[in-house]
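Novice: return a 3D structure for these sequence lines:
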Amino acid sequence: MNIDTLLTAICGILFFLMGSVIGSFLNVVAYRVPIKESLIKGRSHCTSCGKQILNRDLIPIFSWIFLRGKCRYCKERISCRYMMVELITALSYLGAFLTIGLSIELAYALVLFPVLIVLSLWDLDRKEIPYTCSIIIAVLGVISFFTADMPWYEHLIGAAIIAIPFAILCFLGAMGGGDVQLMAAAGLLLGWNIVPAAMIGIILGAIVGIIIKALTKRNLIVFGPFLSIGIAAGMLWGGDIINAYLGLIR
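Specialist: I've put the predicted structure just below:
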């Protein structure tokens, strides 16, 4: 194993661990903010019996596995969602590092991905996308004017070309206002890459919606998680997807 491979492996492990820790904090945010609990005061506790969680039971991902998804004290089931959020965040950080490398774009991804995960959890629980999350993504977009490779006006074009069709969909009742704001903010960050991001999000949402309707006779009205997947894909591979498509039609 040469030194470059070793350094990449070490950095990959560090990013994975960092992502798992961030994911653990996102669980705290998703649980405490809606019930107006402090994010900095109070120890983590079992939501069933109220007992404080031991430090050794706070290891992201692994503690849930070791405890077999149950509270150490009351043996009540702990939702696998907590472990999945930690794992998804860890994998997103690792994937961002391996795809983008150490760059300013990686810094954007390390902020963007947790925001996307939080808004997805919020949308699943409350059927709405927090304005704060869209604002954070829009701020990243404005900052990217001065650091990204693409010209600043392409960021504005990205926001416009996605906001208009999504606003029409919102008017027709197919999307919510939060979806429009989210995609406009993401367009500001991704520029032209918002196009494949939107397509991925819409297609995934439609496919899952059709499956859920066929199985349960219920309509899927939550698009935030699927749009978030599309935005993350656009951040990592948007340019490659566009180039591959242009290569097919030439």
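
Novice: got the buried residues for the biggest helix by length in the chain?
Specialist: The residue-count maximum for a helix in the chain (DSSP state H) belongs to helix 3-32. Neighbour-count burial for helix 3-32, counted by 16 or more other CB atoms under 10 Å, picks out 15-16, 18-27, 30-32. Where C-beta positions appear, they are placed from N, C-alpha and C, glycine not excepted.

Novice: now do stretch 67-81
Specialist: Buried, per 16+ other CB under 10 Å, within stretch 67-81: Cys71, Arg72, Ile78.

Novice: how long is it from one end to the other?
Specialist: Length of stretch 67-81, first residue to last, CA to CA, to the nearest Å: 14 Å.

Novice: now the helices for the protein?
Specialist: Using DSSP H, helices in the chain cover 3-32, 62-66, 80-100, 104-126, 131-144, 152-171, 177-190, 194-216, 224-249.

Novice: would you mind finding the most buried of those?
Specialist: Of all the helices of the chain, helix 177-190 carries the top mean neighbour count, a mean of 26, counting by mean count of other CB atoms under 10 Å.

Novice: centre of the chain to that helix, how far?
Specialist: Relative to its parent chain, helix 177-190 has a centroid offset of 13 Å by CA atoms, centre = their mean, to the nearest Å.

Novice: got the angle for that helix vs helix 194-216?
Specialist: If you take axes from the mean of the first three to the mean of the last three CA atoms, to 10 degrees, helix 177-190 sits at 150 degrees to helix 194-216.

Novice: could you give the angle of helix 177-190 to helix 104-126?
Specialist: 170 degrees.
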